[in-house]
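Engineer: the sequence and its predicted three-dimensional model are supplied below.
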Amino acid sequence: MSTLNSENIDDPNKYEYPNWYSPETGIYNSTHPPRNLPSDTFLDVVSFLFSCQHKGVSALIDASSGVSIPYSELYSSVKSMASGLHSTGVTKGDVVLVMLPNSIYFPVVLLGVLHSGAIFTPMNPLSSVTEIEKRVADCKPCLAFTVPEKVDIFRKLGVAAIGVPDQNVSLGDFLDFSKLISSDYNLASRPLIMQEDTAAIMYSSGTTGLSKGVVLSHGNFIAMIELFVRFEASQYDYPSSEIVYLAVLPMFHVYGLAYFAMGLFSLGSTVVVMRKFDMNEVARAVEKYRVTHIAAVPPILTALTKAAKNNGGKSFRSLKQVSSGAAPPSRKMIEELVQVFPHVDFIQGYGMTESTAIGTRGFNTKNCRDYSSAGLLAPNTQAKVVDWKTGSLLPPGNSGELWLRGPGVMKGYLNNDSTTMSSIDKDGWLRTGDIAYFDQNGYLYIVDRLKEMIKYKGFQIAPADLEAVLASHPEILDVGVTAVMDEDCGEIPVAFVVRKQGSSLCHEDVINHVARQVAPYKKIRKVVFTNSIPKSPAGKILRRELRESLTSKL
C-alpha cells in the first residue's frame, strides 16, 4: 500500500486521496461521523454532565480506605459545595485555586466551583512557595483549596484558604471544609452560565516560553466530555457503568481531569482514586476493585509491565484496557506491554491543555490494529500538517507541524493577547508545535516537537522557567536548559551552565539551587559545565544545538 508520500507521486494533484483528506484545502477531517453537541447557549458543564443518563452505582472510591461517594450522593454534594461557596461570597467570575493531590473530594470541589459560576485553576500540590506566589499574582484567586500544611502559605499571600483532608481523616476535624460540603443547597440566585463563559485557567508551557494560563470555557469542557470520554466509551462492546478506572494520573493535569474529575461521571463508571502512584498499591487496587481501565503515562507503562512479569499477571486479570498519553512511549515499551498483557487493549492518544485534551484516540479493531499510533482524529475535529519552513500544507505520509481546529480549542492565554494570536490564527487553527504525519488510514504519528518544553513522566516543564531560577545564582554567568531522553522518565532536564570566572560551583550546587525553588518533578537531573551557550543573532538560546551536543558530553 502506498505511503501517500507526495515525493513518490508523479503528479500529486492527480493522486486519489482518501475522502477524509482534501488536497485543495489541506484539511484532514475525522474518519468518525460527527457527534451532536448541545446548542443551548445557556448551559454549564456541570448541568450537562449530570443530565447524562446511566446506571452507575459507585462514583468514587478511595483505593486505600475504601471510603466512597455513590452516584446517588455525588450531584447533591456538588450542589452543596456550590451553595457553600456562594455563602462565603464567591461569585460568578471569581477564581478559585485548587491545589490538591488526587482525592475523592477533588471532583466535588472542582465541580462545585464550576456550578457556582466561579473559575477554577488547578495546581500541583508539590509546588514551591515561589511557584505559588507567581500563580497567585497571575490569576488572582479569591480562595484556595489545598492540603492542610499549605493553608498558611496562601493566607500570608492574602488568599483565603481551606484545608482539605485525605480520606483517612474525619471531616469533623476540618470544620471549614465540612460546612461547605454539607451545605443545604439553596442557590435560587445561581447566575446564568453560558457555554462561552470561562470555566478554568489551566497552566501550560504551550508552544514556547514560560508557563501561561490556558483559558477554557464551559463549552470546551462539554466538548471534551462528549468528543473524548463519551465517544471513546461508545466504541466498547460492554456497558459504561461496568467500567472501573484506576485514577493514578493527577487530576490537576488535563489528562487526569478529563477522566477522573469530569468525564467518567457522565457514563456511570467507577473511579478508584489513588493519592499517589505506588506500583504495589496499584496491583492491590486492581485486584480488590476489579479495575478494568488504566490511563497512564510511559513510566507507568514500564512499571505495569515489570509488575505483571513478577507476578505472572495474576493481579491484572480484570484489566480490559491500558491507554497512554501526555508523552509518546518507546516502541520497546509498547512491545513488552502488549506481550505481557495479551488480553488487554493498548491504545494511545494525543491532546493538549490548549485543546481541552481533544485530539486523537486509538481504537484497535480486527481490520486496523496499530499500537504505535496516537490514533484517529476525534469527531468534529480537523487538522492540518504544515511545513514549518515554507508554510505549505502537506498530504498524508508527510511530516510537518500539526494544527488542530475544533470545539476543544481554548479561548486563549490569560492576559497574553500576542501569544494567543501567534498560537491561534484568525480561522481558529491551533498551532500545536508538534511535528507529526497521518498515514493512509488516518492514524496520527507524533515524530518530534518544534516547541521546546520538556516532558518528564508526562509533566510539562518549560526550559525558560528553569533558566530563570538558575540565572538567579550569583556564580552562574549564563545558562541553557534542554532535555535528554530517559527510559524511565521519558525526558529529564539538563542544565548547561557557564560559571563566573573563579567559581568553584559543582554539579550538586546547581541541582540543589533549583531543587529548593521548584516542584520535585521540575528538578535539574544533570549538569554540563560549558564555556558558552549557543544563541541566535536575536539572542534566542539554540536548545536544539544543546540537545545535539548531549550525545558527546553525557
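Structural biologist: In hand now; what should we look at?
Engineer: contacts, neighbours, all on C-alpha from now
Structural biologist: Will do.
Engineer: for Met333, pull up the helix or strand it's in.
Structural biologist: helix 331-340 (DSSP states H and E).
Engineer: packing partners of that helix?
Structural biologist: helix 298-311 (3 or more CA pairs under 8 Å, 6 or more residues apart in numbering; DSSP states H and E).
Engineer: give me the average confidence score over the helix it packs on.
Structural biologist: The average pLDDT for helix 298-311 rounds to 87.
Engineer: from the chain's centroid, how far away is it?
Structural biologist: In terms of CA atoms, centre = their mean, to the nearest Å, the centre of helix 298-311 is set 22 Å apart from its chain centre.
Engineer: coming back round to it: in the helix holding Met333, what's buried?
Structural biologist: Met333, Ile334, Leu337, Val338, Val340 (16 or more other CA atoms under 10 Å).
Engineer: list the contacts of Val46.
Structural biologist: If you count contacts by CA atoms under 8 Å, 6 or more residues apart in numbering, Val46 has them with Leu111, Leu114, His115.
Engineer: again, but for His513
Structural biologist: By CA under 8 Å, 6+ apart, the neighbours of His513 are Leu470, His473.
Engineer: assign a three-state SS to it, would you?
Structural biologist: Following DSSP: H, G, I helix; E, B strand; the rest coil, the label given to His513 is helix.
Engineer: where does it land on pLDDT?
Structural biologist: 95.
Engineer: restricted to strands, list the contacts of Val46.
Structural biologist: Within those, no residue falls in strands by DSSP state E.
Engineer: give me the contact list for the next helix or strand after the helix holding Met333.
Structural biologist: Counting by DSSP H and E, the next helix or strand C-terminal to helix 331-340 is strand 345-350. If you take CA under 8 Å, 6+ apart as the criterion, strand 345-350 is touched by 320-326, 338, 357-364, 371-375.
Engineer: related to what we said a few turns ago, just the CA trace of the helix holding Met333, in PDB.
Structural biologist: What follows is helix 331-340 as a C-alpha-only set of coordinates in PDB (Å, rounded to 0.1, in the frame of the first residue of the first chain):
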ATOM      1  CA  ARG A 331       8.500   1.000  20.800                       C
ATOM      2  CA  LYS A 332      10.200  -1.200  23.200                       C
ATOM      3  CA  MET A 333       7.800  -0.200  26.000                       C
ATOM      4  CA  ILE A 334       4.800  -0.900  23.800                       C
ATOM      5  CA  GLU A 335       6.100  -4.300  22.600                       C
ATOM      6  CA  GLU A 336       6.900  -5.500  26.100                       C
ATOM      7  CA  LEU A 337       3.500  -4.400  27.500                       C
ATOM      8  CA  VAL A 338       1.500  -6.000  24.700                       C
ATOM      9  CA  GLN A 339       3.400  -9.200  25.100                       C
ATOM     10  CA  VAL A 340       2.800  -9.300  28.900                       C
END
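Engineer: for that helix, which outside residues touch it?
Structural biologist: Pro298, Leu301, Thr302, Leu304, Thr305, Ala308, Lys309, Gly313, Val344, Phe346, Tyr371, Ser372.
Engineer: for ChimeraX, write the selection for the buried entries among these.
Structural biologist: Paste this into ChimeraX to select the buried members of the contacts of helix 331-340, with burial taken from 16+ other CA under 10 Å:
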select :298,301,302,304,305,308,313,344,346,371,372
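Engineer: and the longest helix seen in the chain, average pLDDT?
Structural biologist: In the chain, with assignment by DSSP state H, the single longest helix is helix 71-87. Mean pLDDT, helix 71-87: 93.
Engineer: list the neighbouring strands of the helix or strand just after that helix plus their orientation.
Structural biologist: Per DSSP H and E, the first helix or strand lying C-terminal to helix 71-87 is strand 95-99. Paired neighbours of strand 95-99 in the sheet (DSSP bridges): strand 119-122 (parallel), strand 143-146 (parallel).
Engineer: pick the most buried one from those.
Structural biologist: When you average the neighbours per residue for each of the strands paired with strand 95-99 (mean count of other CA atoms under 10 Å), strand 119-122 leads with a mean of 24.
Engineer: might you list the low-confidence residue ranges for the stretch 151-300 of the chain?
Structural biologist: Along the stretch 151-300 of the chain, segments meeting pLDDT under 70 span 167-173, 185-188, 205-210.
Engineer: for the stretch 351-500 of the chain, same thing?
Structural biologist: Using pLDDT under 70, the stretch 351-500 of the chain drops low at 365-369.
Engineer: what helix or strand is Val282 located in?
Structural biologist: Going by DSSP H and E, Val282 is part of helix 279-289.
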